[in-house]
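>>> Just need the structure, nothing else, for what follows:
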Amino acid sequence: MVGTTFSATDPVVVAKVDADAHRELATRFGVSAYPTLKWFPAGSATPEDYSGGRTAPDLVTYINGMTGLARRVKKEPTAVAELDDTNFDAVVMNPDADVLVEFFAPVRDVACPLAGRARRAGPGPKRRALSSARRCYHDAPPRAA
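Below is the predicted model:
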């Protein structure tokens with residue numbers, strides 16, 4: 001999604017290297033864990049380590065900041081139906097269609113105070129806090145309706 005956010009005329013290229021197939025490149029740039037992201041300023045062979053968030057919006061925001069662009073992540077078209085109390089029965093009970101439903105619960109600060117700390121923490125503590133937040137949330141009993 002990050003790659004499709006920028007056009008061929010933008011002054012940025014989003015690229016990838018299969019570090020198993022091209023180990024010499026990984027070694028050359030000090031890559032020893034995966035995934036690793038490096039920012040190469042225009043014309044420079046010396047990259048800057050990227051340590052920010054790993055979501056598409058995080059990456060696009062970083063690239064925008066480094067380039068002066070103002071792009072937004074494009075949402076991909078999807079056939080996934082968003083269900084709620086108003087349309088659940090109409091979609092799921094349709095006799096003409098089989099339906100696979102994912103019931104999910106996003107991590108929220110209300111469910112686990114660690115989630116808020118994870119967003120405010122640095123890269124190392126953030127990973128540990130997010131891991132704890134996921135455990136906290138998923139170990140918690142379901143919310144009352």
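>>> okay, how far is it across stretch 5-22, tip to tip?
End-to-end distance for stretch 5-22, by CA to CA, to the nearest Å: 26 Å.
>>> And the contacts of that stretch?
2-3, 25-26, 31, 34, 36, 42, 56, 60, 63, 67, 69, 71-74 (CB atoms under 8 Å, 6 or more residues apart in numbering). Where you see a C-beta, it was placed from the backbone N, CA and C, and this is true even at glycine.
>>> Need the mean per-residue confidence for that stretch.
Stretch 5-22 carries an average pLDDT of 93.
>>> do stretch 72-92 as well
On average, stretch 72-92 scores 88.
>>> Distance of Val73 relative to Val12?
14 Å (CB to CB, to the nearest Å).
>>> And Met66, by the same measure?
In terms of CB to CB, Met66 sits 8 Å off from Val12.
>>> Check Gly3 too.
Gly3 is 10 Å from Val12, by CB to CB.
>>> who's more crowded, the two?
Between Gly3 and Val12, counted using other CB atoms under 10 Å, Val12 has the larger neighbour count: 16 against 11.
>>> Can you verify my assumption that Pro41 contacts Ile63?
No. Using CB atoms under 8 Å, Pro41 is not in contact with Ile63; the gap is 11.8 Å.
>>> Please report phi then psi for Glu48.
phi -110, psi 140 (degrees, to the nearest 10).
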